[in-house]
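# Kindly generate the corresponding structure for this input.
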Amino acid sequence: MRQTFAGLLSGRADPEAAVQLYRQRYAEWGLYQAEVYHGVERALDEHERRGTRLILCTAKPRVFALRVVEHFGLSSHLAAVYGPELDGRFDDKGDLIEHLLKIERLDPADTCMVGDRKHDVVAAARHAIPTIGVLWGYGGREELTDAGAALIIESPDELLPPSLP
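So this is what the prediction gives:
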């Protein structure tokens, strides 16, 4: 976000001030405007039932991510929630993944990223983690394919194990 605002403002205003204004509005209103995509909760339920350890790794600041997953009733599905700190630590998603791997003691060979943007794919690839690119988020097929996603899926139902309808 800091990089985005810096580019958009091109020296005409303080990007850090813009980040603070955005976060204030987001904390008061924006984080509750999201919705859980149809089928996501079913996929989370099934993977949780099968013993999959589900961890959220988001570009959204951790303090907001925690509020979002709690608000939408998803926190019970997640073993942990990771996101950047408000001071800018872990703004780089690759650094965030490195931190997550260390703290959670995960082997990248036994890990998979599910993401909707090229940033997810590129950051996971830095750690030899394959990414399932999803088309129900903000990125598109071309963006995810060009970034090197291992697989592209169109709906949350495709996250379900093959034995389920």
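
# What residues does the residue most central in space within the chain make contact with?
Among the residues of the chain, the one closest to the centroid is T58, at 3.1 Å (Cα atoms, centre = their mean). Shown in contact with T58 (Cβ atoms under 8 Å, 6 or more residues apart in numbering): A65, V81, Y82, G83. From N, CA and C alone the C-beta is placed, and that goes for glycine too.

# Then I55?
L78, A79, A80, V81, Y82, L100, E104.

# so what pLDDT did it get?
We have a pLDDT of 98 for I55.

# Quick check: longest helix in this structure by residues?
helix 15-28 (DSSP state H).

# Give me the helices and strands touching that one, please.
Under the contact criterion of 3 or more Cβ pairs under 8 Å, 6 or more residues apart in numbering; DSSP states H and E, helix 15-28 touches helix 2-9, helix 62-71.

# for the chain, what spans make up the helices?
Under DSSP H, the chain gives helices at 2-9, 15-28, 40-49, 62-71, 93-104, 118-125, 141-147.

# Could you give me the buried positions within the first one?
For helix 2-9, the neighbour count (16 or more other Cβ atoms under 10 Å) marks F5, A6 as buried.

# What distance do you get for the residue lying farthest from the centre of the chain to R23?
Distance from the C-alpha centroid of the chain, by Cα atoms, centre = their mean, peaks at R12 (30.4 Å). Look at R12 and R23: by Cβ to Cβ, to the nearest Å, they are 20 Å apart.

# cool, F90 as well?
According to Cβ to Cβ, F90 stands 16 Å off from R23.
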